[in-house]
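K.L.:
Any chance you could fold what I've pasted below:
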Amino acid sequence: MIVNQSLVEELETAIAGSDIGRRAAMLRRVADLFASNSGNLSDEQTAVFDDVLLQLVDEIETSARGCFAEYLALSPVAPPRILRQLALDDVIDVAGPVLSRSEQLDEITLADGAKTKSQAHLLAISTRKTIPESVTDILVERGNRQVALSAAANPGASFSEFGYSSLVRRSSDDDALALCTWSRREIPRRHLLKLFADASESLKRRLSKEDPRKAARMADIVTRAASKLQSQTRETSADFATARALVQSLDGTGKLDEAALFEFASAEKFAETVLALSVICDLPVGLIERALVEVRSEQVLVLAKASCLSWKTTRAILQLQAPAERSTGDLDQLLETFLRLRPETARQAVQFYRLRERSLAASPN
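P.N.:
Have a look, this model is predicted:
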């Protein structure tokens, strides 16, 4: 490489002198000279350019440093040490352009910036065209909500198992972050399951709207997992075993009827109510149990109408389902729904529940 002698002399004069404006003007000329000769430079020559740029940038005002950072961020080549210094500048107007756009910035510098700099710096990193896993790990653990949302919505961001676990954990009380996380195509299934299982009912509806097929698949897996856990819990429960024996005895002697069901529900005997309703509806115990722990009451109304239960018994079951949450007004609205519901419609819904439970039980996954 042949460096113009007048430029060398000008550099020496600018560095030695106190003309700050002149130093700022020299920055771009040196960067241009480096870029035009980068393919022919040795490591020693690259280091010389780095030294010169570092000396120049140290002495210019913040606005000039910011302008130079904007320029260097788009350069296809740049000396590594000056890039690092600009990227780790405390002033976001200087660091931001390099952190968000420079494709020459190394992973170590990005990680150092994510570990030590402000939330504004982390936000700039989160908008990069690509982000390696080691950096997103830090962003989702240390970053604020805006940073986590930006990283989750960035298709060029790569996430490790730890990163996805952190996103899902933070999504538990943040619907917007949950939607961004849900929409990532490469997210492992186990993290999708956790996200869906922890989601509120309103969020599940939004997730289903976003991707109906994915939501249906996750819902089936969550339901199967819940059924398995419920079954294991029931089998180890002494109270449930006692209730099962009582209900089976009543059924065997022809005494398991609506009156018995009403007595169980009004006495707040959960296990006995579940088992009795399971026999009366001819549905799996797990489905009945889930219906009685749900916040929503529609399924209870359907089961009661399909079984021709009276409102008196239905009301007792609803009170058992959510004793602290049923106001007189709520019960009046539920009664209106119950009266409007046609028995044939309810029976069709129950048949659908029955077929779905069989399908879930037969599926290996």
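
K.L.:
got the domain boundaries for this protein?
P.N.:
1-89, 235-362 (automatic domain parsing).

K.L.:
do you know which of those lies nearest Ile187?
P.N.:
domain 235-362 (23.4 Å; C-beta to C-beta). All C-beta spots, glycine's among them, are computed from the backbone N, C-alpha and C.

K.L.:
quick one: that closest one to chain centroid distance?
P.N.:
Using C-alpha atoms, centre = their mean, to the nearest Å, the mean C-alpha position of domain 235-362 is found 35 Å from that of the whole chain.

K.L.:
Now do the SS call for Leu256.
P.N.:
coil (DSSP: H, G, I helix; E, B strand; the rest coil).

K.L.:
That one contacts Leu250, doesn't it?
P.N.:
Yes. Taking C-beta atoms under 8 Å as the definition, Leu256 is a contact partner of Leu250 at 4.1 Å.

K.L.:
returning to that earlier point: and the domains of the chain as CSV, adding distance to Glu107?
P.N.:
Converted to CSV, the domains of the chain look like this (distance: least, C-beta to C-beta, whole Å):
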stretch, distance to Glu107
domain 1-89, 12
domain 235-362, 45
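
K.L.:
Out of those domains, which gets the lowest mean score?
P.N.:
Note on the domains of the chain: domain 1-89 shows the lowest mean pLDDT, a mean of 71.

K.L.:
that older thread, shared neighbours, Leu256 and Leu250?
P.N.:
Ala276 (C-beta atoms under 8 Å, 6 or more residues apart in numbering).

K.L.:
that older thread, export the domains of the chain as JSON lines, with columns for mean neighbour count and distance to Asp112.
P.N.:
Supplementary listing: those in JSON lines, determined by neighbours: other C-beta atoms under 10 Å; distance: least, C-beta to C-beta, whole Å:
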{"stretch": "domain 1-89", "mean neighbour count": "16", "distance to Asp112": "7"}
{"stretch": "domain 235-362", "mean neighbour count": "16", "distance to Asp112": "47"}
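
K.L.:
closest to Asp137 out of the ones you listed?
P.N.:
Asp137 lies closest, by C-beta to C-beta, to one member of the domains of the chain: domain 1-89, at 18.4 Å.

K.L.:
Find the helix or strand that the nearest residue to Ala291 once chain neighbours are set aside is a member of.
P.N.:
Leaving aside its sequence neighbours, Ala291 sits nearest to Gln299 (C-beta to C-beta, 6 or more residues apart in numbering; 4.4 Å). Using DSSP states H and E, Gln299 maps to helix 298-306.

K.L.:
just checking, Leu275 touches Ala245?
P.N.:
No. Leu275 is beyond contact range of Ala245, at 9.8 Å (criterion: C-beta under 8 Å).

K.L.:
can you give me the helices for the stretch 151-300 of the chain?
P.N.:
161-171, 175-182, 189-198, 201-210, 212-235, 238-252, 258-266, 270-281, 285-293, 298-306 (DSSP state H, counting those that start in this stretch).

K.L.:
Kindly reformat these as a markdown table containing distance to Ile138.
P.N.:
As requested, these are exported to a markdown table (distance: least, C-beta to C-beta, whole Å):
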| stretch | distance to Ile138 |
| --- | --- |
| helix 161-171 | 9 |
| helix 175-182 | 17 |
| helix 189-198 | 18 |
| helix 201-210 | 27 |
| helix 212-235 | 28 |
| helix 238-252 | 47 |
| helix 258-266 | 53 |
| helix 270-281 | 47 |
| helix 285-293 | 39 |
| helix 298-306 | 44 |
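
K.L.:
quick one: which of those helices is nearest Glu141?
P.N.:
Here helix 161-171 is closest among these (C-beta to C-beta), at 5.4 Å.

K.L.:
Give me the helices and strands touching that closest one, please.
P.N.:
Using 3 or more C-beta pairs under 8 Å, 6 or more residues apart in numbering; DSSP states H and E, the elements in contact with helix 161-171 are helix 133-142, helix 145-153, helix 175-182, helix 189-198.

K.L.:
So which residues make contact with it?
P.N.:
Contacts for helix 161-171 (C-beta under 8 Å, 6+ apart): 133, 136-137, 140-141, 148, 152, 159, 177-178, 181, 187-188, 191, 194-195, 198.

K.L.:
how far out from the middle of the chain is stretch 65-84?
P.N.:
With C-alpha atoms, centre = their mean, you get 34 Å for stretch 65-84.

K.L.:
Next: stretch 172-183.
P.N.:
That offset, for stretch 172-183, works out to 4 Å (C-alpha atoms, centre = their mean).

K.L.:
Mean confidence (pLDDT) on it, please.
P.N.:
The model assigns stretch 172-183 a mean pLDDT of 87.

K.L.:
ok, now how distant is Val48 from Val30?
P.N.:
Taking C-beta to C-beta, to the nearest Å as the measure, Val48 falls 10 Å from Val30.

K.L.:
do the same with Gln85
P.N.:
From Gln85 to Val30 the distance is 14 Å (C-beta to C-beta).

K.L.:
Next: His191.
P.N.:
In terms of C-beta to C-beta, His191 sits 48 Å off from Val30.

K.L.:
Then Ser237?
P.N.:
Ser237 is 77 Å from Val30, by C-beta to C-beta.

K.L.:
Mind telling me which of the helices and strands packed on helix 161-171 the model trusts least?
P.N.:
helix 189-198 (a mean of 76).
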